[in-house]
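Participant: Fold the following and give me the result.
(2 chains)
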Number of protein chains: 2
Amino acid sequence: MVTDRESMEAEKANERFYQALNDSNLERMEEIWSHTMAARCIHPGWDILIGWTAIRESWQSIFSAGGDLSVEAADVEVNVVGEVAWVQCLEQIRNTGDAGDQLSVARATNLFVRDDGGWRMVLHHASPIPSPMEEDDLGLVH
Amino acid sequence: MVTDRESMEAEKANERFYQALNDSNLERMEEIWSHTMAARCIHPGWDILIGWTAIRESWQSIFSAGGDLSVEAADVEVNVVGEVAWVQCLEQIRNTGDAGDQLSVARATNLFVRDDGGWRMVLHHASPIPSPMEEDDLGLVH
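Facilitator: Numbering: from 1, shown residues only, chains lettered A, B, ... in the order given. Below you'll find the predicted structure:
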């Protein structure tokens, strides 16, 4: 039996993930993720990363790459069955670097498993999708 | 407590999914999927499909597109927590059409929920990844 509270807590865990990403905050990312070999992460266009050590390194690399990365999660849907929660959302990704603003969109599946400490992320799978927006309309530089 | 039997049954459900796909068998695909609005499907490079009706239409469209599509699942990993199973695998996709063989690879997250009838697919998220193989080595025509 899933309560609204469990669903809301899973949604908050998902929000904390995107907040840590937007803040380039590795310590907060560490709090969110499962620190096990079972953790899996697929960044948009990347191959799969296996286990927390590899995933942590990827975030460290992304956060230290410079530029300004922001990801806004839209269309957030939360499903909870027992100790597992999975979230679907649309990622609106803005990457500001030397080449100007680059805007892209991705679909994400985020999966959390509940333990004593709350919901832990065990899977982040994000994949690029065709942008619904015309780049010209946004006046972006590429 | 997850038993080996539960994990094996989830793996078999995943195998039936790829068998139905390779056989272009819509009836078998219907048996595998959850027929609810909660079902979600992201084909490689597509935006998300919401609910069984839209997902069924997509398989019908893929199966009737002609050509010869085969998907071999490799590196299959099954996780079961309670009534939820999620599977990671590498999809080796071969699409034979007028333009010859096209080979691509994708990473898939397949999520199943158990009901009285066994494991039902509620999510298929597949996304293209860079191919580890040089196309020239395979002698493919593009």
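Participant: how about stretch A:67-80, does it reach chain B?
Facilitator: Yes. Stretch A:67-80 is in contact with chain B by Cβ under 8 Å from any Cβ of the partner chain, via residue A:79. (C-beta placed from N, C-alpha, C; glycine too.)
Participant: Show me which residues of that stretch are buried.
Facilitator: By neighbour count on 16 or more other Cβ atoms under 10 Å in any protein chain shown, the buried set for stretch A:67-80 is A:69, A:71, A:73, A:78-80.
Participant: for stretch A:24-32, same thing?
Facilitator: Buried residues in stretch A:24-32, counted by 16+ other Cβ under 10 Å: A:24-25, A:29, A:31-32.
Participant: Nearest to chain B, out of those: which one, please.
Facilitator: residue A:32 (17.8 Å; Cβ to the nearest Cβ).
Participant: which residues touch the closest one?
Facilitator: A:13, A:16-17, A:20, A:120-121 (Cβ atoms under 8 Å, 6 or more residues apart in numbering or on different chains).
Participant: let's go with 6 Å and repeat that
Facilitator: A:16-17, A:121 (Cβ atoms under 6 Å, 6 or more residues apart in numbering or on different chains).
Participant: secondary structure element for the residue of chain A at minimum distance from chain B?
Facilitator: Here chain A gets closest to chain B at one residue, residue A:127, 3.0 Å apart by Cβ to the nearest Cβ. Take DSSP states H and E as the rule and residue A:127 turns out to sit in strand A:118-129.
Participant: hang on, the earlier thing: please produce a markdown table containing the buried residues of stretch A:24-32, extended by pLDDT and distance to residue B:44.
Facilitator: Putting the buried residues of stretch A:24-32 into a markdown table (pLDDT from 0 to 100; distance: Cβ to Cβ, whole Å) gives the following:
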| residue | pLDDT | distance to residue B:44 |
| --- | --- | --- |
| A:24 | 95 | 30 |
| A:25 | 96 | 32 |
| A:29 | 97 | 27 |
| A:31 | 97 | 32 |
| A:32 | 97 | 27 |
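Participant: between those, which is closest to residue A:99?
Facilitator: Here the nearest of the buried residues of stretch A:24-32 to residue A:99, counting by Cβ to Cβ, is residue A:24; it sits at 19.3 Å.
Participant: Show the backbone phi and psi for the closest one.
Facilitator: Main-chain torsions, residue A:24, degrees, to the nearest 10: phi 50, psi 40.
Participant: Nearest residue to it in space, please, no chain neighbours.
Facilitator: residue A:63 (4.0 Å; Cβ to Cβ, 6 or more residues apart in numbering or on different chains).
Participant: Relative to residue B:52, which of the buried residues of stretch A:67-80 is nearest.
Facilitator: Among the buried residues of stretch A:67-80, and counting by Cβ to Cβ, the member closest to residue B:52 is residue A:79, at 15.0 Å.
Participant: show me the contacts for the closest one.
Facilitator: residue A:86.
Participant: quick one, the helix or strand containing it and strand B:118-129 angle?
Facilitator: Using DSSP H and E, residue A:79 falls within strand A:68-81. In terms of direction (axes from the mean of the first three to the mean of the last three Cα atoms, to 10 degrees), strand A:68-81 departs from strand B:118-129 by 170 degrees.
Participant: before we move on, the earlier item: count the residues that sit near the residue nearest to residue A:24.
Facilitator: 16 (other Cβ atoms under 10 Å in any protein chain shown).
Participant: Then residue A:82?
Facilitator: For residue A:82, the neighbour count with other Cβ under 10 Å is 15.
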